[in-house]
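**Student:** prediction below, plus the sequence it came from.
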Amino acid sequence: MLCLWSIGFALYGIGLSLVHVFRTADIHEVVPPVLAGILVWEMALLDVATGPYSQVPAGARAVFILGTPVTVTALSWWEMRRLRHHHELTVRGALGR
């Protein structure tokens, strides 16, 4: 019973943090996909610089380091495309140009 309560508590907390802490869409709707792409590539560069996977073979290391940034970038591009086509929101519009 305690395990089920903990899982429910954790999921509820994650939902609250996404709604109240990471409210970047309140700034402008295109900020979340842009910010997500920048942050994951920054973390990938940090992984390359620190070399935390030095014992892992090169192919697996490339998948570990590049898998997340490539996936998040693809999802961010899809979100930006959706915002542009359905809501006419662009990065240029967010910058006020």
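**Tutor:** Nice, I can see it. Numbering: from 1, shown residues only.
**Student:** my read: H87 touches H28, true?
**Tutor:** No: H87 lies out of contact with H28 (Cβ atoms under 8 Å); the separation is 11.4 Å. The way it works is simple: take the backbone N, C-alpha and C, and place the C-beta from them, glycine included.
**Student:** from the contact counts, what lies against the strand or helix carrying I38?
**Tutor:** In this structure, I38 sits in helix 31-50 according to DSSP states H and E. Here helix 31-50 touches helix 58-87, going by 3 or more Cβ pairs under 8 Å, 6 or more residues apart in numbering; DSSP states H and E.
**Student:** next, the angle from the helix it packs on to helix 31-50.
**Tutor:** 170 degrees (axes from the mean of the first three to the mean of the last three Cα atoms, to 10 degrees).
**Student:** re the thing from before, more neighbours: which of H87 and H28?
**Tutor:** More neighbours surround H28 than the other of H87 and H28, with 16 against 10 (other Cβ atoms under 10 Å).
**Student:** now do the same contact list for the spatially most central residue of the chain.
**Tutor:** In the chain, the C-alpha nearest the mean C-alpha coordinate belongs to A36, at 3.6 Å (Cα atoms, centre = their mean). Applying Cβ atoms under 8 Å, 6 or more residues apart in numbering to A36 gives the contacts 72, 75-76.
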